[in-house]
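Asker: for reference, the sequence and a predicted model appear below.
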Amino acid sequence: MKKSALFAVSFAIASLALAGGAVAHHGDAGRYIEEVVELNGTVVETQLVNPHSILVVDVDTNGKMVRWQAEMGGAQQLIRSGWTVDVKPGTKVTLTGRRLKSGAPYMNLTERARVVLADGGKVVHQTANFGQPAATAAP
């Protein structure tokens, strides 16, 4: 009887622990335009955090500096995919990704995206599906 109760309690705790991650994550369907855009800017800050790392970049838009935020995967995901460069403030970069439909200066770099250092052209982040067309909706 004690084994059954211990198993039930362990199972309940494990279920709650695993469900927390699934409940906490959000979808982005319909939030971003499907076409990728390219931005050139200067890094202000790199935040390698979870659940989404952020690259803050100043972009010159018709003579006016606009501060953009680019959302990437979490820190562990980036490191597993090869992010080894600490992109420091002042680094010039080219970002390719999807921007918000609202027009706000926010970009998604988790899908069909990459980050390239402007000096030298080194790719520091690139998703597996970079360069592929947008998925078409099923009829």
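Answerer: Received, thanks.
Asker: those strands in the chain, which residues are they?
Answerer: Taking DSSP state E as the test, the strands found in the chain are 37-47, 54-61, 64-71, 92-99, 106-108, 114-117, 123-126.
Asker: let me know the angle separating the fourth one from strand 54-61.
Answerer: Right, strand 92-99. Angle, strand 92-99 to strand 54-61, by axes from the mean of the first three to the mean of the last three CA atoms, to 10 degrees: 100 degrees.
Asker: how about low-confidence regions in the chain?
Answerer: 1-29, 31, 82, 84-86, 136-139 (pLDDT under 70).
Asker: contact partners for the residue nearest in space to the middle of the chain?
Answerer: Centroid check for the chain by CA atoms, centre = their mean gives M72 as the closest residue, at 1.5 Å. For M72, the contact set (CB atoms under 8 Å, 6 or more residues apart in numbering) comprises 52-55, 78, 109-110, 115, 125. No exception for glycine: its C-beta is placed from N, CA and C like everyone else's.
Asker: hmm, 10 Å instead?
Answerer: When contacts are counted by CB atoms under 10 Å, 6 or more residues apart in numbering, M72 is found next to 46-48, 52-55, 78, 81, 83, 95, 97, 107-110, 113, 115, 125, 127.
Asker: is L95 in contact with L117, as I believe?
Answerer: No. Checked against CB atoms under 10 Å, the pair L95 and L117 is beyond contact range at 11.1 Å.
Asker: between those two, what contacts are shared?
Answerer: What both L95 and L117 touch, as defined by CB under 10 Å, 6+ apart, is the set V43.
Asker: in terms of neighbours, single out the busier of the two.
Answerer: A direct count of neighbours by other CB atoms under 10 Å for L95 and L117 places L95 higher, at 25 against 16.
Asker: any chance of a markdown table for the strands of the chain, columns distance to G30?
Answerer: As requested, the strands of the chain are exported to a markdown table (distance: least, CB to CB, whole Å):
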| stretch | distance to G30 |
| --- | --- |
| strand 37-47 | 17 |
| strand 54-61 | 21 |
| strand 64-71 | 16 |
| strand 92-99 | 12 |
| strand 106-108 | 12 |
| strand 114-117 | 23 |
| strand 123-126 | 24 |
